[in-house]
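K.L.:
Model the following, please.
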Amino acid sequence: METRGIGRRKLLGHVGSAVAGAAIAAPATAALLDSRSSDRGSRSPGGIAATPVISPYGAHQPGIAAPPPAASTLVALDLHDDVDRAAVVRLMKVWTTDVVALAEGRAVPGDPARDLSQPARLTVTVGLGRAPVRRFGLDAPGLVAVPAMKHDRLEERWSGGDLVLVVGGADGTSVAHAVRTLVRDARPFASVRWQQSGTWRGTDGAGKRVTGRNLFAQVDGSANALPDTDLFDRTVWIPRGPWTGGTTLVVRRILMDMDEWERLTRVEMEASVGRDLATGAPLTGGEELTDIDPDAREEGRWVIARDAHALRAHPSLNGGARIHRIGANFTETVTDARGTRVETGLLFSSYQVDVERQFTRIQQSLDESDALNEWTTAVGSAEFAVLPGFREGGWLGDGVIG
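P.N.:
Numbering: from 1, shown residues only. Predicted coordinates:
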């Protein structure tokens with residue numbers, strides 16, 4: 001085992017910077033994308049339209065504003081004790097080479113499973129945890145710890161991390177291959193702390209963005225601001241300094257009590273959420289994207305209960321605070337001291353400029369009085385500063401870490 005892998009690890013650990021730098025600076029193949037374009041169609045050898053490519057280049061890492069992927073895996077890693085800032089730079093250069101190749105459907109150098117490389121709308125989002133940000137003096141604005149919530153039951157195995165990879169794509173095989181590639185190339189620098197996978201239906205059959213549903217069958221994420229709008233930019237992107245174009249990420253692993261939820265009537269389900277289950281429209285009327293009227297009454301009673309989830313999370317109750325959320329559903333068999341059971345839930349990724357002013361403010365409102373607290377429990381939590389994007393010839397974190 002050690003003999004087979006030592007050449008690749010030595011290459012990455014000791015000369016990875018030079019190799020990666022050469023690969024980034026070298027002219028790319030004809031498949032390279034214009035950095036101003038988000039998608040490119042491609043053709044398979046048989047002439048059948050293949051899955052498009054999402055360009056890895058730009059002012060922002062592309063997976064944040066792209067439609068939620070069908071398959072995603074989140075990986076947190078811990079840096080080895082002897083890794084210094086220069087070693088993190090080497091890792092980021094190696095990962096940049098990987099990200100570009102994976103996004104374009106090309107095999108990375110030395111990939112033993114190169115036949116799995118294909119265009120699959122792959123995106124890779126990379127961030128740093130609070131510990132390395134402090135350790136290397138990177139001063140990431142808006143990155144703070146989320147305080148304990150009374151309804152949380154956090155477990156160490158699903159929390160924390162020095163680095164995060166959020167890998168999304170059109171199919172689980174491509175995502176799994178990308179994750180293995182990135183984790184393998186990180187071995188000289190870091191080891192996996194936790195890994196979580198999920199699925200989502202965020203587009204229709206024609207590839208158009210739609211709001212997906214969680215496993216409670218709720219339309220989940222209707223209040224998100226749409227990309228390419230000023231509201232989205234103000235919600236998500238850090239506006240100034242070395243981190244311009246980056247953001248912050250909070251990952252929450254949320255268990256859902258399906259058995260108890262399914263005992264409710266449909267009316268009870270809708271009352272707890274504040275939205276129509278079929279359409280996602282607020283109970284105050286309209287369509288899915290119609291804004292909630294928090295003051296609407298019928299026969300002297302509130303149309304939307306004061307503890308309905310959609311109302312508790314509404315900007316009008318939280319000083320205008322918003323987040324950009326991306327979900328992924330999971331169902332897993334877990335064996336631990338309590339025995340073997342099936343866990344069902346949501347991997348909740350929240351992107352925002354400032355964790356405290358946006359995510360924490362909304363989460364504390366939900367923790368105080370959210371009807372869904374009866375059927376949901378957060379068991380994992382982690383915060384990261386997401387690096388800005390990079391241009392052709394650049395690398396992840398070149399304006400922050402370099």
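
K.L.:
Would you mind pulling up the elements that whatever helix or strand residue 377 lives in packs against?
P.N.:
If you go by DSSP states H and E, residue 377 is part of strand 376-386. Under the contact criterion of 3 or more Cβ pairs under 8 Å, 6 or more residues apart in numbering; DSSP states H and E, strand 376-386 touches strand 123-129, helix 130-135, strand 163-169, strand 247-256, strand 339-352. C-beta coordinates here come from the backbone N, C-alpha and C atoms, glycine included.

K.L.:
In its sheet, which strands sit next to the longest one, and in what direction?
P.N.:
Partners of strand 339-352 in the sheet, by DSSP bridges, are strand 247-256 (antiparallel), strand 324-336 (antiparallel).

K.L.:
Please state the offset of the last one from the chain centre?
P.N.:
Its chain's C-alpha centre and that of strand 324-336 lie 13 Å apart, by Cα atoms, centre = their mean, to the nearest Å.

K.L.:
Tell me which residues are up against it.
P.N.:
For strand 324-336, the surrounding residues in contact (Cβ atoms under 8 Å, 6 or more residues apart in numbering) are 64, 68, 72, 74, 196-200, 212, 214-215, 220-221, 224-225, 232, 235-236, 340-352.

K.L.:
Let me see the mean pLDDT of that strand.
P.N.:
Here strand 324-336 scores 94 as its mean pLDDT.

K.L.:
closest one to residue 397 among the helices and strands packed on strand 376-386?
P.N.:
Residue 397 lies closest to strand 123-129 among the helices and strands packed on strand 376-386, at 7.8 Å (Cβ to Cβ).

K.L.:
quick one, which of the strands paired with strand 339-352 is nearest to residue 399?
P.N.:
That would be strand 247-256 among these, by Cβ to Cβ, at 14.7 Å.

K.L.:
going on from the closest one, what's the next piece of helix or strand?
P.N.:
Next helix or strand after strand 247-256 toward the C-terminus (DSSP H and E): helix 258-261.

K.L.:
so what secondary structure elements neighbour whichever helix or strand comes after that next one?
P.N.:
Where DSSP H and E defines the elements, the next helix or strand beyond helix 258-261 is helix 266-273. In this structure, helix 266-273 packs against helix 309-312, with contacts taken as 3+ Cβ pairs under 8 Å, 6+ apart.

K.L.:
hang on, the earlier thing: to residue 372, which of the helices and strands packed on strand 376-386 lies closest?
P.N.:
Here strand 247-256 is closest among these (Cβ to Cβ), at 9.0 Å.

K.L.:
returning to what we had before: note down every partner strand of the strand holding residue 377 and its orientation.
P.N.:
Strand 376-386 has these strand partners (DSSP bridges): strand 123-129 (antiparallel), strand 247-256 (antiparallel).

K.L.:
quick one, that strand and strand 163-169 angle?
P.N.:
If you take axes from the mean of the first three to the mean of the last three Cα atoms, to 10 degrees, strand 376-386 sits at 100 degrees to strand 163-169.

K.L.:
just the strands paired with strand 339-352: most buried one?
P.N.:
strand 247-256 (a mean of 23; mean count of other Cβ atoms under 10 Å).

K.L.:
Can I get that strand in PDB, CA atoms only?
P.N.:
Provided in PDB are the C-alpha atoms of strand 247-256 (Å, rounded to 0.1, in the frame of the first residue of the first chain):
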ATOM      1  CA  THR A 247     -18.300  34.500   1.500                       C
ATOM      2  CA  THR A 248     -18.900  32.600   4.700                       C
ATOM      3  CA  LEU A 249     -20.500  29.200   5.000                       C
ATOM      4  CA  VAL A 250     -22.300  27.500   7.900                       C
ATOM      5  CA  VAL A 251     -23.000  23.800   7.500                       C
ATOM      6  CA  ARG A 252     -25.600  22.200   9.600                       C
ATOM      7  CA  ARG A 253     -26.600  18.500   9.700                       C
ATOM      8  CA  ILE A 254     -30.300  18.400  10.600                       C
ATOM      9  CA  LEU A 255     -32.100  15.200  11.600                       C
ATOM     10  CA  MET A 256     -35.800  14.900  10.700                       C
END
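
K.L.:
can you count the residues close to residue 374?
P.N.:
14 (other Cβ atoms under 10 Å).

K.L.:
check contacts around it.
P.N.:
So residue 374 contacts 257, 260, 272 (Cβ under 8 Å, 6+ apart).

K.L.:
Kindly report the same for residue 117.
P.N.:
Applying Cβ under 8 Å, 6+ apart to residue 117 gives the contacts 101-102, 105-108, 111, 177.

K.L.:
Apart from its neighbours in sequence, what residue is nearest it?
P.N.:
Closest residue to residue 117 apart from its sequence neighbours, by Cβ to Cβ, 6 or more residues apart in numbering: residue 107 at 4.3 Å.

K.L.:
Quick check on that neighbour: phi, psi?
P.N.:
Dihedral pair for residue 107: phi -70, psi 140, per degrees, to the nearest 10.

K.L.:
isn't it right next to residue 101, touching?
P.N.:
Yes. Counting by Cβ atoms under 8 Å, residue 101 is a contact partner of residue 107 at 6.7 Å.
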